[in-house]
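Asks: quick one: sequence plus predicted model below, questions after.
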Amino acid sequence: QAPLRDLADQQGLRMGAAVAAHRLDEADYRRTAAAEFNSVTHENALKWESVQPQRGQYSWSGADRLVEFAQQNGQRIHGHTLVWHSQLPSWVENGDFTPAELTRVMEDHIGTTMGRYRGQIGSWDVVNEPIGDDAQFRDSVFHRTLGEDFVAESLRMARAADPDATLFINDYNIDGINAKSDAYYELAQDLLAQGAPLDGIGFQGHLVSGQVPSDIQRNIQRFADLGLEVMITELDIRMQLPVTQQKLEQQARDYTRVVNACLAVPGCSGVTVWGVTDAYSWVPDHFDGQGAALPVDEDYAPKPAYWSIHEAL
Ligand code: XIL
């Protein structure tokens, strides 16, 4: 059986996984990450708190490690993430900055991080989760200090740092058509109208089995119609534990629907799943009683969801 990455390559699609750099010591993890995926995203190692925990003190060990791994294995890298309210070191989160100071801090962080990996990381989630579930801009040091303009400003800084990189904004609960994705649709139109360098939108795709929005394809299409690249950037489809055969089969149908929705729209460039194995997925730690959200199980065996992706590609 061909690995997923070969099937995706034949269609020019990204089939990625979020990878934890520190797990690459484990043989099964490393083997699966290399064999199945043609793209990787740093699960945590490129976030602000990892890269610049203290002002001006950068730390690249985890980030570099995965970049090297990707190069050894002929994988693309999607950069995650530059400007986000979460996993932000306290010197930024609680910093009492003037707009000019915060602008300098952001320019430094974006410029240094993207600059280091210029030519190696081809696309970036420049801004992650700027809008909340109430469809309003979320409170953050960025929004408090710079207003809504922080999104356009971040994109401009990113374009200046690496003119060749594809620049995304990325969020969850915007996979289907709803108030939050409508807010993104407006934000995207607004950014494009003012000439801000936005190239794509990431639908994270943290979904619940049996509740995949029925209008995903229509939603992908409307963003693609704006001229944007759409990616499913963090796909996982969680279930209530314990796992049963029936739940695995439902989950497989759910994966089929998401992958087919992307395949049906030429502007959708691929899918990244948020983890290599259920053994290390973020889901059980963040959603009480839920898990088994990925295509590969805790023992690195392919699940029905894996075979449904295989068949869809
Ligand atoms: C998660 C990681 O998977 C966890 O290891 C970490 O503890 C918290 O963040 N949306 C995102 C990702 O954009 O960065 C998050 O990743 C999952 C939700």
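Replies: Sure thing, it's come through.
Asks: so what's whichever residue of the chain sits closest to the ligand up against?
Replies: For the chain, the residue closest to the ligand is W282, as judged by CB to the nearest ligand atom, at 3.4 Å. C-beta coordinates here come from the backbone N, C-alpha and C atoms, glycine included. Each residue near W282 by CB atoms under 8 Å, 6 or more residues apart in numbering is listed here: E43, W274, G275.
Asks: how does it look with 10 Å?
Replies: By CB atoms under 10 Å, 6 or more residues apart in numbering, the contact set of W282 is A18, A20, E43, N44, H206, E234, D236, W274, G275, G291, A293.
Asks: ditto for V230
Replies: 168, 200-203, 219-224, 261-262, 265, 267-270 are the contacts of V230 under CB under 10 Å, 6+ apart.
Asks: just the buried ones from these?
Replies: Taking 16 or more other CB atoms under 10 Å as the criterion, what is buried in these is 168, 200-203, 219-224, 261-262, 265, 267-270.
Asks: which ones among those lie within strands?
Replies: The strands, defined by DSSP state E, take in F168, G200, I201, G202, F203, C268, S269, G270 from the buried ones among the contacts of V230.
Asks: quick one: the second one from G12, how far?
Replies: Read that as G200. Distance of G200 to G12, given as CB to CB, to the nearest Å: 15 Å.
Asks: what about stretch 55-62, start to end distance?
Replies: 18 Å (CA to CA, to the nearest Å).
Asks: what does stretch 129-143 give?
Replies: End residues of stretch 129-143 are separated by 12 Å (CA to CA).
Asks: quick one: residues contacting I237.
Replies: Counting by CB under 10 Å, 6+ apart, I237 touches 205-212, 250-255, 257-258, 273, 283, 292-295, 305.
Asks: try it again with 8 Å
Replies: When contacts are counted by CB under 8 Å, 6+ apart, I237 touches L207, V208, S209, V212, Q251, D254, Y255, V258, A293, A305.
Asks: and whichever helix in the chain runs longest, how far out from the chain's middle?
Replies: Secondary structure assigned by DSSP state H gives helix 245-264 as the longest helix of the chain. Centroid separation between helix 245-264 and its chain, computed with CA atoms, centre = their mean, to the nearest Å, is 19 Å.
Asks: now do stretch 270-282
Replies: On CA atoms, centre = their mean, the centre of stretch 270-282 falls 11 Å from that of its chain.
Asks: quick check: buried residues in that stretch?
Replies: In stretch 270-282, counting by 16+ other CB under 10 Å, buried: 270-282.
Asks: identify the farthest-apart pair in the residues you listed.
Replies: Greatest spatial distance among those (CB to CB): G270 and A279, at 24.0 Å.
Asks: quick one: contacts for the closest residue in space to R14 that isn't next to it in sequence?
Replies: Excluding the flanking residues, the one nearest R14 by CB to CB, 6 or more residues apart in numbering is G270, at 2.8 Å. Going by CB under 8 Å, 6+ apart, G270 touches A8, L13, R14, M15, G16, S39, M231, I232, C262.
Asks: in strands only, show me the residues you listed.
Replies: Counting by DSSP E, those contribute R14, M15, G16, S39, M231, I232 to strands.
Asks: once you drop chain neighbours, what's closest to the fourth one?
Replies: Spatially, and ignoring its direct neighbours in sequence, S39 is nearest to G16 (3.3 Å; CB to CB, 6+ apart).
Asks: for beta bridges, what are the partners of the one you found?
Replies: S39, T272 (DSSP bridges).
Asks: C-terminal to the one helix or strand R104 maps to, what's the next element?
Replies: For R104, the host element (DSSP states H and E) is helix 99-116. The first helix or strand that comes after helix 99-116 along the chain, using DSSP H and E, is strand 123-128.
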